[in-house]
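# the sequence and its predicted three-dimensional model are supplied below.
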Amino acid sequence: MSMILRYLKSSWKALTLVVFLLIIKVIADLTLPYFTAHIVNVGIQQGGLDSVTPTVISVPLFNQVKEESSATDQKLLDDIYTFRNDTFVLDSPQNDLETVFLQALSAIGMGSDGQQAPESLKRQAALDQIRQDQKELGINLNARQMRYIGTTGLAMIGISFLSVAASILVAFFASRIAADLGKRLRADVFAKTVSFHQREMNQFSTASLVTRSTNDIQQIQQSSVMILRVVIFAPLMALGGLFRVLTTNSSMTWIIGLAIIAIFSVVISMFTLAMPRFRKLQTLIDNVNRIVRETLTGLPVIRAFTAKEHEMKRFDQANEALTKTTLFVNRAMSAMMPAMMLIMNLTTVLIVYRGGINVQQGNMQVGDMMAFIQYTMLIIMSFLMLTMLTIMLPRASVSATRIKEILDTEITLHNSDTPIPFNPVESATITFHQVSFYYPKADIPALCDISFTAKQGTTTAIIGSTGSGKSTLLNLIPRFSDVSSGSIKIGEHDIRDRDIKELRSVIGYVPQQGRLFSGTIASNIAFGDRSVSEEQMASAATIAQASAFIAEKPEGLQAPISQGGGNVSGGQRQRLSIARALAGNPKILLFDDSFSALDYRTEQKLRQQLHEAVSETTVIIVAQRISSILHADTIVVLDEGHIVGQGTHQKLMQHCGVYQQIAQSQLSPQELKQYE
């Protein structure tokens, strides 16, 4: 969770405000039971009298109190009470008077039994004497009682509103903090993911990366809201509640301890059962996402081979595993709440039972018992929230660990500390020198000791059988992967000494499969350089033989392109991909078997216009068809990762057996003779 704490540092002001608001809420919630006790004890039972020291007392009762008091107390009473209008009126209240009146009035009301009675009974007897005396004096006791209850009730309403306002503000700020956390996590995970190269991508499946970027971050975000609302509130509430309970009646605190033990027993049981499933849940979600993605991207193949039932069965198995695990976890969590409510209700019954005995014995007042119940519920709820937090935290921790794995993954391709910039007049000649390349965890090299030169202004073709390493070789130039040994130079400098972004800005790359993005034709052609003009886009489209079908669309260059280019044909996607590579006028053009979706006539036109338009550009073409590379300045023949021939078509037909086999398998003897 240290990663989450680092991300929360930037929200320290909002976090401080949340803590302040939670403290206010704790104080407000702990104050309400105190007022409840006073309404019951003072407002209802004591008729609004909160002190046994009367402000007004009749002459007979005053004299009785003096008779039950010591000489010192009698002098004190004479000093602070003034005879006025046939009554004695209190001039200056003193704390000592409480004890004097409590002892005297309880003795008057209870007689000799008052000496052995509990203090609460003494107090009630004393207050009864005062109420009876004031009633005889004509004081409106009901008005005073209602005034006390109304004042205390208004105070409780105000405190309740304060608690509600604090809760709303805490929820508001906690949600904002968590949303900001999720936003920055998603941004960082996405930025890190798009910086991954093949070696890093092999560590995570695409489905897992999608799940981690969405479901896992959402889990962290939701958990963060609960953590922010509970992690400060629950401990403060539990400690404050315990303090209040001890000051109310410590003889029943064992009931709270018993309830907490019962809660922890239930939670530990649920924790033991559900936690292994929590860890498994995210992996099962990854698996479902992987199968869904494979199915959706492979629908044409699935339909062609009538494999729908097989894929449905495969999905059902993954879905069933996820459903069973989710149901188990949800059922376990659902069973927890009734168990907790049972514990809370039994605790309330036990408190009422013991409290009733204490009230009957005079050791406790009814209002104190009610306050004790409320404090106990607050304490139990606090521990319940903490235990629920311990259940949420491991699941959030699993998600955080999965996110951290992405963020902590070391990128294998690094920029040079002192990158060498491209000189505008620098040569774009590409030189391979004893290049070898191993895929991760591979024992056999995909490329071995590759050396050749692709000069600026020339076309170099790479050909070979399937799996010979053609695309691998091409992908090393823009540093999609780095060489295992040897070097690749553009001009006089190793490409590893260049800035990666600048390196790729001078390269136009056309992959095997034309990949388009949702938007328009113009946005796809200008994908690599947003500053290109419409004239440049039109020129690139003309060279790529795409201008004809673009002109057929009413919107022209602004015609919409759906996700993945689903609303255009394969050949159109390929031509737009070529136009995209040409639009930025790159110094180097890389074609990875990019003409395979084009018919022979279109390919001929494209190659002819390409030769005229990019005469100063270094062009490297990977091809399967001999016809696509016959006129290349240099043809490099690969076989199982080794160069087995270099030269022109005529030279290779004379000296390279592998090239001869490829040519003879694709061209008739008449065509071969034509190209001699």
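Thanks, I have it.

# CA only for contacts and neighbour counts going forward, please
Will do.

# run through the residues that contact the residue nearest in space to the middle of the chain.
Among the residues of the chain, the one closest to the centroid is Ile217, at 2.7 Å (Cα atoms, centre = their mean). Each residue near Ile217 by Cα atoms under 8 Å, 6 or more residues apart in numbering is listed here: Gly182, Leu185, Arg186, Ser399, Ala400, Ile403.

# name the SS class of it, please.
Classification of Ile217 by DSSP: H, G, I helix; E, B strand; the rest coil places it in helix.

# returning to that earlier point: show me the contacts of Ile217 that map onto helices.
Among the contacts of Ile217, DSSP state H puts Gly182, Leu185, Arg186, Ser399, Ala400, Ile403 in helices.

# do you know how far the fifth one is from Arg212?
Yep, that's Ala400 we're talking about. The gap separating Ala400 from Arg212 is 9 Å, by Cα to Cα, to the nearest Å.

# neighbour count: the two, which is higher?
Shown here are Ala400 and Arg212; by other Cα atoms under 10 Å, Arg212 has more neighbours (26 against 21).

# Glu405 is in contact with the more buried one, correct?
No - Arg212 is beyond contact range of Glu405, at 9.9 Å (criterion: Cα atoms under 8 Å).

# give me the below-cutoff pLDDT ranges for this structure.
For the chain, applying pLDDT under 70 flags the ranges 1, 95, 111-117, 248-250, 279, 362, 390-391, 671, 674-676.

# and the helices in the stretch 51-200 of the chain, which stretches?
59-67, 71-80, 96-110, 119-136, 141-194, 198-201 (DSSP state H, counting those that start in this stretch).

# so what secondary structure elements neighbour the first one?
The one in question is helix 59-67. Contacts defined by 3 or more Cα pairs under 8 Å, 6 or more residues apart in numbering; DSSP states H and E place helix 59-67 against helix 71-80, strand 87-90, helix 96-110.

# one more time with 10 Å, if that's ok
Helix 59-67 makes packing contacts with helix 71-80, strand 87-90, helix 96-110, helix 119-136 when contacts are defined by 3 or more Cα pairs under 10 Å, 6 or more residues apart in numbering; DSSP states H and E.

# quick one: which of these is nearest Ser160?
Nearest of the helices and strands packed on helix 59-67 to Ser160, taken as Cα to Cα: helix 119-136 at 29.5 Å.

# show me how far that closest one is from its chain's centre.
Relative to its parent chain, helix 119-136 has a centroid offset of 63 Å by Cα atoms, centre = their mean, to the nearest Å.

# thinking again about what came up before, make CSV from the ones in helices among the contacts of Ile217 and add distance to Phe243 to it.
Output for the ones in helices among the contacts of Ile217, formatted as CSV (distance: Cα to Cα, whole Å):
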residue, distance to Phe243
Gly182, 38
Leu185, 41
Arg186, 43
Ser399, 37
Ala400, 36
Ile403, 41
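
# which one among these gets closest to Gln282?
Ser399 (7.8 Å).

# what is the neighbour count of the residue lying closest to that closest one once chain neighbours are set aside?
Among residues not flanking Ser399 along the chain, Asp216 sits closest, at 4.8 Å (Cα to Cα, 6 or more residues apart in numbering). Around Asp216 there are 26 other residues, counting by other Cα under 10 Å.

# separation between Asp216 and Phe196?
Distance, Asp216 to Phe196, using Cα to Cα: 19 Å.

# same question for Leu284.
Per Cα to Cα, Leu284 is found 24 Å from Phe196.

# dump the residue contacts of the residue of the chain most remote from its centre.
Relative to the centre of the chain, the most outlying C-alpha is that of Asp86, 76.8 Å out, by Cα atoms, centre = their mean. Applying Cα atoms under 10 Å, 6 or more residues apart in numbering, we find Asp86 in contact with Ile57, Ser58, Val59, Leu137.

# the same query, at a cut-off of 8 Å, please.
By Cα under 8 Å, 6+ apart, the contact set of Asp86 is Ser58, Val59.

# same deal with the one 5 residues further on?
Taking Cα under 8 Å, 6+ apart as the criterion, Asp91 is in contact with Ile80, Tyr81, Thr82.

# can you report how many residues lie near the first one?
If I follow you right, that is Ile80. Residues lying near Ile80 (other Cα under 10 Å) number 15.

# how close does it sit to Phe88?
Distance from Ile80 to Phe88, counting by Cα to Cα: 10 Å.

# how about Thr412?
Per Cα to Cα, Thr412 is found 94 Å from Phe88.

# the two - which one has more neighbours?
Shown here are Thr412 and Phe88; by other Cα under 10 Å, Phe88 has more neighbours (21 against 13).

# let me see the contact set for that one.
By Cα under 8 Å, 6+ apart, the residues touching Phe88 are Val56, Ile57, Ser58, Val59, Phe62, Tyr81, Thr82.

# same check, this time on Pro445
Contact partners of Pro445, counting by Cα under 8 Å, 6+ apart, are Ser436, Phe437, Tyr438, Tyr439, Gly641.

# gap between the two ends of stretch 76-85?
End-to-end span of stretch 76-85 (Cα to Cα): 21 Å.

# how distant is that stretch from the center of its chain?
Distance of stretch 76-85 from the chain centroid (Cα atoms, centre = their mean) equals 72 Å.

# quick one: contacts of that stretch?
By Cα under 8 Å, 6+ apart, the surrounding residues in contact with stretch 76-85 are Lys66, Phe88, Val89, Leu90, Asp91, Ser92, Pro93.

# please identify the buried residues of stretch 406-416?
By neighbour count on 16 or more other Cα atoms under 10 Å, the buried set for stretch 406-416 is Ile406, Leu407, Leu413.

# hmm, who's touching that stretch?
Contact with stretch 406-416 is made by 188-189, 192-193, 195-197, 199-200, 479, 481-482, 496-500, as judged by Cα under 8 Å, 6+ apart.

# can I get that stretch in PDB, CA atoms only?
Extracted C-alpha coordinates of stretch 406-416, given in PDB (Å, rounded to 0.1, in the frame of the first residue of the first chain):
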ATOM      1  CA  ILE A 406       3.200  -2.700 -14.200                       C
ATOM      2  CA  LEU A 407       4.600   0.500 -12.800                       C
ATOM      3  CA  ASP A 408       7.700  -1.200 -11.400                       C
ATOM      4  CA  THR A 409       8.400  -3.200 -14.600                       C
ATOM      5  CA  GLU A 410      11.800  -2.100 -15.900                       C
ATOM      6  CA  ILE A 411      11.800  -1.000 -19.500                       C
ATOM      7  CA  THR A 412      14.500  -2.800 -21.400                       C
ATOM      8  CA  LEU A 413      14.900  -0.200 -24.100                       C
ATOM      9  CA  HIS A 414      16.300   3.000 -22.700                       C
ATOM     10  CA  ASN A 415      17.200   6.400 -24.100                       C
ATOM     11  CA  SER A 416      20.800   7.300 -24.100                       C
END
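
# could you list every helix and strand in contact with the helix or strand Asn289 falls within?
Remark: Asn289 resides in helix 253-297, with elements defined by DSSP states H and E. Contacts defined by 3+ Cα pairs under 8 Å, 6+ apart place helix 253-297 against helix 206-211, helix 308-361, helix 366-408.

# now do the second one against helix 253-297, angle only.
Spelled out, that is helix 308-361. With axes from the mean of the first three to the mean of the last three Cα atoms, to 10 degrees as the basis, helix 308-361 and helix 253-297 are set at 170 degrees to each other.

# could you check the angle helix 308-361 makes with helix 366-408?
150 degrees.

# run the chain-centre distance for helix 308-361.
Relative to the centre of its chain, helix 308-361 is centred 25 Å away, using Cα atoms, centre = their mean.

# list the contacts for the residue nearest to Leu22 when sequence neighbours are not counted?
Spatially, and ignoring its direct neighbours in sequence, Leu22 is nearest to Phe233 (5.8 Å; Cα to Cα, 6+ apart). Residues in contact with Phe233 (Cα under 8 Å, 6+ apart) are Leu22, Ile23, Val26, Ser382.

# against Leu393, how distant is Phe233?
Distance, Phe233 to Leu393, using Cα to Cα: 16 Å.
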